[in-house]
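Undergrad: Got a sequence here, can you build the structure:
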Amino acid sequence: MPTRRALELADQKMLDLVLIAPTGNPPVCKIMDYGKYKFEVAKREKEARKNQRVIDVKEVRLSASIEEHDMGVKARHADKFLRSGDKVKVSIRFRGREMAHREIGFQVMEKFNQMLTSEMVVERKPRIEGRSMIMVLAPKE
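TA: Model (predicted):
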């Protein structure tokens, strides 16, 4: 129908004429209460945001010469973080001559992975960045 006729119909019903598909041939319009529509869209978006969960990245720092018990404590902390749905960044800082023995760091990371439950996925394998070795763990879906 002509635009002028559609506008008259919308005015008679005290509603708005809203352009739905402007690229169509002919363009598609709808007679509706635009304020109510915007309110409902905002309400749906707010409800969707309420159900979202922000994933934090927690960090667990190890050293190349960490003892068994200390690593167990750190593994329990990391496990708790993973169970609560957060990602865990495991890092080892090499000091001094420890840089010459990076393989020890890889062994520590492997041992740390074995201590954790199977409720995690290695998102980023251990790799060296400067004087640190970093690995990222994520909870299983």
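Undergrad: so who does Ile55 touch?
TA: Ile55 is in contact with Gly85, Asp86, Lys87, counting by C-beta atoms under 8 Å, 6 or more residues apart in numbering. Yep, even glycine has a C-beta here, placed from its N, CA and C like the rest.
Undergrad: Throw together a ChimeraX command that grabs the buried residues out of those residues.
TA: In ChimeraX, this line selects whichever of the contacts of Ile55 come out buried by 16 or more other C-beta atoms under 10 Å:
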select :86,87
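Undergrad: can I get the contacts of Ile55 in JSON lines with distance to Glu123?
TA: Below are the contacts of Ile55 laid out as JSON lines (distance: C-beta to C-beta, whole Å):
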{"residue": "Gly85", "distance to Glu123": "14"}
{"residue": "Asp86", "distance to Glu123": "12"}
{"residue": "Lys87", "distance to Glu123": "7"}
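Undergrad: sec struct for the residue most central in space within the chain, please.
TA: Most central in the chain under C-alpha atoms, centre = their mean is Ile55, positioned 5.1 Å from the mean C-alpha point. Of the three states, Ile55 takes coil under DSSP: H, G, I helix; E, B strand; the rest coil.
Undergrad: From Arg83, how far off is it?
TA: 13 Å (C-beta to C-beta, to the nearest Å).
Undergrad: repeat for Gln52
TA: Remark: distance between Gln52 and Arg83 (C-beta to C-beta) = 19 Å.
Undergrad: Looking only at neighbour counts, state which of the two leads.
TA: Arg83 (12 against 7; other C-beta atoms under 10 Å).
Undergrad: For the closest residue to that one other than its chain neighbours, give me the pLDDT.
TA: Leaving aside its sequence neighbours, Arg83 sits nearest to Glu119 (C-beta to C-beta, 6 or more residues apart in numbering; 6.6 Å). Note on Glu119: pLDDT of 75.
Undergrad: so what's Glu119 up against?
TA: Counted by C-beta under 8 Å, 6+ apart, Glu119 has contacts Asp79, Leu82, Arg83, Pro139, Lys140.
Undergrad: give me the low-pLDDT residue ranges for the chain?
TA: Counting by pLDDT under 70, not a single residue of the chain qualifies.
Undergrad: Show me it divided up by domain.
TA: 3-50, 57-139 (automatic domain parsing).
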